[in-house]
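K.L.:
sequence and predicted structure below; questions after.
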Amino acid sequence: RVSNLRRSFQEYGIRAATEREESSSRQQQLRMTYSYVADDEDFVGLEHDIEKLMQVLVNEAEFSGSCGVVSICGMGCSGKTTLARKLYNHPNAKHHFDSFAWVCISQQWQTREILQGILVSFFPERRREIEKWRDDEMVGELLRFQQNRKCLVVLDDIWSTDAWECIKVAFPIRNKGKILLTSRNKDVAMRIGPNGFHHESRLLTDAESWELLQRKALRDRPIQGLLY
């Protein structure tokens with residue numbers, strides 16, 4: 001009977017559906033980003049952007065009376081996440097904000113995972129306890145925590161407004177902190193924070209691109225006399 005059942009799965013395409021889910025899960029893992037700074041020496045051409053965005057993040061009057069959203073928008077691999085990491089780990093940010101959270105949204109997301117990710121960033125020592133909470137308990141705790149502190153929450157790689165619609169109840173309208181998001185779609189960022197500050201990442205110049213290539217691909221092997 002088990003053998004017949006397995007053959008039936010194949011006939012009805014159940015195996016293929018499972019494989020698609022596994023493929024989607026692998027893609028999500030590949031897209032996952034983290035707040036840790038890696039390859040710090042490979043940062044080229046965006047120093048001015050860091051300075052400008054940091055001024056916005058630490059300016060408490062910038063979003064007076066509203067949920068402060070700062071977005072970084074641009075095509076894939078244009079440095080959005082790298083820029084967000086630099087801001088997240090910047091000494092001025094560490095001095096200005098009380099608590100920090102980083103979550104990667106991507107195309108495959110779950111509301112519960114996003115809420116848990118933010119809470120665990122705030123309370124790493126309470127991970128096991130948080131994993132047992134209901135969604136409404138997590139929302140309530142996030143609201144209480146952010147009302148009394150200046151928090152910087154990064155929502156990295158958000159593709160649509162659906163994820164925001166599911167978690168926005170966890171953020172106070174009059175938020176003392178800031179929400180920093182990255183997205184390939186500027187319209188998504190504008191809908192999430194219509195009164196926010198929206199930064200579009202630029203392409204590197206030829207000289208900056210060549211410098212980055214040398215750092216990435218030709219590390220410790222300087223090539224002289226090569227034209228670009």
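P.N.:
Looks like it came in fine. Numbers count the residues shown, from 1 in each chain.

K.L.:
where exactly do the strands run in this protein?
P.N.:
69-73, 99-106, 151-158, 178-183, 197-200 (DSSP state E).

K.L.:
quick one: strands adjacent to the fourth one?
P.N.:
Same thing as strand 178-183. Partner strands and pairing direction for strand 178-183 (DSSP bridges) are strand 69-73 (parallel), strand 151-158 (parallel).

K.L.:
mean confidence score for the first one?
P.N.:
Per-residue confidence for strand 69-73 averages out to 94 on the pLDDT scale.

K.L.:
go ahead and flag the most central residue of this structure.
P.N.:
residue 156 (1.3 Å; Cα atoms, centre = their mean).

K.L.:
so it sits against residue 105, correct?
P.N.:
Yes. Checked against Cβ atoms under 8 Å, the pair residue 156 and residue 105 is within contact range at 6.7 Å. Yep, even glycine has a C-beta here, placed from its N, CA and C like the rest.

K.L.:
burial count for residue 48?
P.N.:
Neighbour count of residue 48, defined by other Cβ atoms under 10 Å: 9.

K.L.:
any idea how far it lies from residue 158?
P.N.:
25 Å (Cβ to Cβ, to the nearest Å).

K.L.:
quick revisit: columns distance to residue 140 on top of the strands of the chain, output as TSV?
P.N.:
Output for the strands of the chain, formatted as TSV (distance: least, Cβ to Cβ, whole Å):
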stretch	distance to residue 140
strand 69-73	22
strand 99-106	16
strand 151-158	16
strand 178-183	19
strand 197-200	29
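
K.L.:
remind me which residues of the chain are low pLDDT?
P.N.:
10-32, 34-42, 61-67, 219-228 (pLDDT under 70).

K.L.:
redo that, cut-off 50
P.N.:
Scanning the chain for pLDDT under 50 picks out the ranges 16, 18-21, 23-24, 30, 39, 62, 64-66, 225-228.

K.L.:
in it, which spans are helices?
P.N.:
2-11, 14-31, 47-57, 80-88, 91-96, 111-122, 127-130, 135-147, 162-167, 186-192, 206-217 (DSSP state H).
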